[in-house]
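>>> Build me a structure from this.
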Amino acid sequence: MKKLNIAEVNGSPNLSKKNTVIKLLFLLFVSVLIGFLVYQQTLQSRLTVIQGYQDDKLAFVNTEFAKELSSLKKLTQFLTNNKNLKKGSTPRYMLRNPQSLKAVNEYFLNFGLMTPNISQIRWVDMMGNERFRVNFKDGHGHVIEPKALQNKMSRYYFRQGVAIQSPDSFLSRIDLNMEYGTVTSPIEPTIRVTHRTSASDYIVDGLIIINFNLTDLFKKIRDLSSNDTQINIINSDSYWLFSHEPAKEWGFMLNKPNLNVKHSNRKLWNIITSEDDRTVRYSDSNMYTSGTLPVLYSKKHNEALNDTIYIYIKSRDKTISEIKLSAFIYGFLCTSIFLFIGTFILYREYRYSKVLHQLFDELQVEKIELKHVNETLSSTIKQQQLLQENLIEAQKLSSLGLLVAGVAHEMNTPIGGAIISVSNAETVIKRLCEAIETGLTKSQLEKSTHSIENNLGLARVNLDKAAVLVKSFKKMAIDRNNEDFIDCNIKDVIDELLITLNSRLKTSKIKINTQFIESINIKSRPGIISQVIENLLMNAINHAFKKNQIGEIEISAKKTNDKIKIVVSDTGLGIDKEKQISIFEPFYTSARGKGNIGLGLYMVSQWVTQILNAKIELESDPNSSEKFKTRFTITFLIDPFKR
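Here you go, the predicted structure:
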């Protein structure tokens, strides 16, 4: 086949390089977009994981602080609500009474020993003078002698505590414990809770001050802090109270004024202090989650009892940069993989397009050739259809010819007998005439008359038989050419058929029986029914039995409800399952070598289904133990026009 160029074939696929370049650019755009989406999704998912960790740590620290502050306030209330500290009907306290002093000190001492996180309990009057003071350390308590008591008027927590009306409490800021103006070593994170005592209710008008050591709380928080989620707690002046890096802590107490968040990361400080009572996120090269620790309020005056304390959780250094790099790598890999796959697909598409182009050219040529072949084939099919119609018509004529031959053969016997009888009668009459001329005796007349009578009777019988045959054949010929549905009797149709087939059947070893329980009338085309039964009988005689085999064919009819069934059964060999599938197809025959063309049962099927509006079914089992091995059942509606 000649190869054609693209320009030589009308409608050939266009292999424009411009289209390929456009597809490649689109692929590049989609690949970059997918890579960007993967980058964003990966980045967001990992940031979400970090945020989840930080939220958990923030919630934990808030919970611990809330529990700690709440317990401190309750302990203070419990401590101050003791009868030894309050006035009664008789004075319980005299400034110079050693027993009174001892009772209060013992109460403070016992209470402090039961509460491990208390480092100091003091009762200070309105002038700032300590009236009672008990120090606690390492599970031991120490009552300070009166001469060693100090004045605390200059301390901020004293000034703020006495400004609150009795009986409210005040929580100081968190700082370090100091003794005689110096930070104790080792350092002790401390919060002071003051309780205002009035002269009307208590034996001292002033403040009960309790120092709570927060070392255990800070240790618990430090155990929770990790390199990936670094916990930081800062006061309202931006100084670290707690840091993942201990060297940054307590700058305001250790004379390191620049060691604060405002100085080291002013933007972070502004973000932390710009929002109130909610979680804030911020990221530069790290991820931050910030919030405020719980604030206790006075029920009486709805005022904050403690300073605002901020907390922020910081990720490991350069975490955001690492996550972005990791997300970029994932995005780049996805872009590269998608671009590689897409390029490979485009390359294959380009190659296949070239192959398709060549095939298209070949197809155009083959299309022209196929058109010519189709025209030739169409002409051949028309000729075949015409031939098939001629064969079917020939088959019908052949059937009619055989029928005519059979009738002619049957008529030869009675007509011949009638001719012989008439000839014998003529001979007797001739003899009688001669006897009359010579002299006729009575005995000759009687003998001649008797002979003529016998011969004429025999001629009449034979002529009657011939008349019956002619009548049956005439009726059958008329019925087979009648295209109208008429009322007919099934038994009469089959009996007339058997009469016309007698000459073909009497020499066969196959016996034909009929079974009619009742007279059955049907509105149909009797001529076509006759042809169908004839073809089924001839098919059974020619194919169902071996040569010289003695057998039986039974034709029966029965009526059930609105249906009539005609069954043609034979005792022959039966039909194999694989042959039953094709038995009604045109030109199918198992005896083509004997001159059969395979249209008999095909015509039967067409006549039954297309002309009689009935249906035909085949049942056959060569291995059946029943008498009849094969049954053809034709099912009619009594009135085919009534639905």
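
>>> Show me the domain layout of the chain.
When the chain is parsed with automatic domain parsing, its domains come out as 81-216, 225-317, 482-643.

>>> Report the rounded mean pLDDT for the shortest one.
Meaning domain 225-317. Per-residue pLDDT over domain 225-317 has a mean of 82.

>>> to the chain's geometric centre, what's the distance from it?
Distance, stretch centre to chain centre, for domain 225-317: 53 Å (CA atoms, centre = their mean, to the nearest Å).

>>> Which helix or strand lies directly C-terminal to the helix or strand of the chain with the lowest mean pLDDT?
Every helix and strand in the chain was compared by mean pLDDT, DSSP states H and E; the lowest is helix 442-481, with a mean of 66. Sequence-wise, the next helix or strand downstream of helix 442-481 (DSSP states H and E) is strand 486-489.

>>> Which residues outside that following strand are in contact with it?
479, 519-526, 529 (CB atoms under 8 Å, 6 or more residues apart in numbering). Every C-beta, even on glycine, is put in place using the N, C-alpha and C of the backbone.

>>> Equivalent analysis for stretch 602-620, please.
Outside stretch 602-620, the residues touching it (CB under 8 Å, 6+ apart) are 392, 395-396, 524-525, 528-529, 531-532, 535-536, 539, 574-575, 580, 583-588, 629-637, 640.

>>> can you pull out the strands in the stretch 1-150 of the chain?
Using DSSP state E, counting those that start in this stretch, the strands of the stretch 1-150 of the chain run over residues 118-125, 130-137, 140-143.

>>> Would you format the ones you listed as TSV with distance to residue 428, mean neighbour count and mean pLDDT included?
Shown next, in TSV, are the strands of the stretch 1-150 of the chain (distance: least, CB to CB, whole Å; neighbours: other CB atoms under 10 Å; pLDDT from 0 to 100):
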stretch	distance to residue 428	mean neighbour count	mean pLDDT
strand 118-125	169	23	91
strand 130-137	173	19	90
strand 140-143	175	15	90
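
>>> right, and these - which one's nearest residue 166?
strand 118-125 (13.5 Å; CB to CB).

>>> how far off strand 130-137 does the closest one point, in degrees?
180 degrees (axes from the mean of the first three to the mean of the last three CA atoms, to 10 degrees).

>>> Partner strands of strand 118-125 and their direction?
strand 130-137 (antiparallel), strand 206-213 (antiparallel) (DSSP bridges).

>>> Buried members of the contacts of strand 486-489 into ChimeraX, please.
In ChimeraX, a selection of the buried entries from the contacts of strand 486-489 looks like this (16 or more other CB atoms under 10 Å):
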select :479,520,522,524,525,526,529
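
>>> In strands only, show me the contacts of strand 486-489.
Among the contacts of strand 486-489, the ones falling in strands (DSSP state E) are 521-524.

>>> so how far does stretch 254-274 reach from one end to the other?
For stretch 254-274, the first-to-last residue distance is 28 Å (CA to CA, to the nearest Å).

>>> Same check on stretch 134-148?
End-to-end span of stretch 134-148 (CA to CA): 11 Å.

>>> Then stretch 255-263?
OK, stretch 255-263 end separation, CA to CA: 15 Å.

>>> Would you indicate which residues of it are buried?
In terms of neighbour count (16+ other CB under 10 Å), stretch 255-263 has its buried residues at 259-262.

>>> Equivalent analysis for stretch 143-151, please.
Buried residues in stretch 143-151 (16+ other CB under 10 Å): 143-144.

>>> Just the residues contacting that stretch, thanks.
Under CB under 8 Å, 6+ apart, the answer for stretch 143-151 is 101, 105, 108-109, 127-131, 133-135, 180.

>>> wait, which of those is closest to residue 370?
Comparing the contacts of stretch 143-151 against residue 370 with CB to CB picks out residue 135 as the nearest, at 113.2 Å.

>>> mind listing what that closest one touches?
Contacts of residue 135 (CB under 8 Å, 6+ apart): 119-120, 141-142, 144.

>>> can you pull out the helices in the stretch 251-400 of the chain?
261-264, 266-274, 319-438 (DSSP state H, counting those that start in this stretch).

>>> Same list (those helices) but as CSV, adding distance to residue 447.
Shown next, in CSV, are the helices of the stretch 251-400 of the chain (distance: least, CB to CB, whole Å):
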stretch, distance to residue 447
helix 261-264, 164
helix 266-274, 157
helix 319-438, 9
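
>>> Out of those, the one nearest residue 17 is which?
helix 319-438 (9.3 Å).

>>> and the closest one, what does it pack onto?
Contacts defined by 3 or more CB pairs under 8 Å, 6 or more residues apart in numbering; DSSP states H and E place helix 319-438 against helix 17-80, helix 442-481, helix 490-500, helix 502-505, helix 526-539, helix 600-606.

>>> Quick one: distance of that helix to the chain centre.
Worked out by CA atoms, centre = their mean, helix 319-438 lies 43 Å from the chain centre.

>>> So residue 114 versus residue 85, what's the distance?
Distance of residue 114 to residue 85, given as CB to CB, to the nearest Å: 16 Å.

>>> swap in residue 144?
18 Å.

>>> now swap in residue 71 and tell me
With CB to CB as the criterion, residue 71 and residue 85 are 20 Å apart.

>>> Who has more neighbours out of the two?
Taking neighbours as other CB atoms under 10 Å, residue 71 and residue 85 compare with residue 85 leading, 23 against 13.

>>> residues touching the more buried one, list them.
Here residue 85 is in contact with 104, 107, 197, 202-204, 208 (CB under 8 Å, 6+ apart).

>>> Could you count how many residues lie near residue 139?
Counted with other CB under 10 Å, residue 139 comes out at 7.

>>> can you pull the pLDDT of it?
pLDDT, residue 139: 86.

>>> For stretch 149-163, measure first residue to last.
23 Å.

>>> Just the buried positions in that stretch, please.
152, 155, 157-158, 160-162.

>>> any idea how far residue 126 is from residue 287?
Distance, residue 287 to residue 126, using CB to CB: 50 Å.

>>> And the two? Which one has more around it.
The neighbour comparison of residue 287 against residue 126 (other CB under 10 Å) goes to residue 287, with 22 against 14.

>>> quick one: the more buried one and residue 49 touch, right?
No: at 10.3 Å, residue 287 does not count as touching residue 49 under the criterion of CB atoms under 8 Å.

>>> so where's the stretch 451-600 of the chain shaky on pLDDT?
455, 459, 461-484, 503, 590-599 (pLDDT under 70).

>>> and among the helices and strands packed on helix 319-438, the most buried is which?
Per residue and on average, the most neighbours among the helices and strands packed on helix 319-438 fall to helix 526-539, with a mean of 22 (mean count of other CB atoms under 10 Å).

>>> Could you list every helix and strand that that one packs against?
Using 3+ CB pairs under 8 Å, 6+ apart, helix 526-539 is in contact with helix 319-438, helix 442-481, strand 486-489, helix 490-500, strand 551-560, strand 563-570, helix 600-606.

>>> Kindly reformat these as a markdown table containing distance to residue 612.
Formatted as a markdown table, the helices and strands packed on helix 526-539 follow (distance: least, CB to CB, whole Å):
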| stretch | distance to residue 612 |
| --- | --- |
| helix 319-438 | 16 |
| helix 442-481 | 13 |
| strand 486-489 | 12 |
| helix 490-500 | 12 |
| strand 551-560 | 14 |
| strand 563-570 | 11 |
| helix 600-606 | 10 |
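
>>> Quickly check the contacts of strand 486-489 for the two that are furthest apart.
So, the contacts of strand 486-489 by CB to CB: farthest apart are 519 and 525, at 19.0 Å.

>>> that older thread, right, so of the helices of the stretch 251-400 of the chain, which gets closest to residue 184?
Taking the helices of the stretch 251-400 of the chain one by one with CB to CB, helix 261-264 is closest: 25.4 Å.
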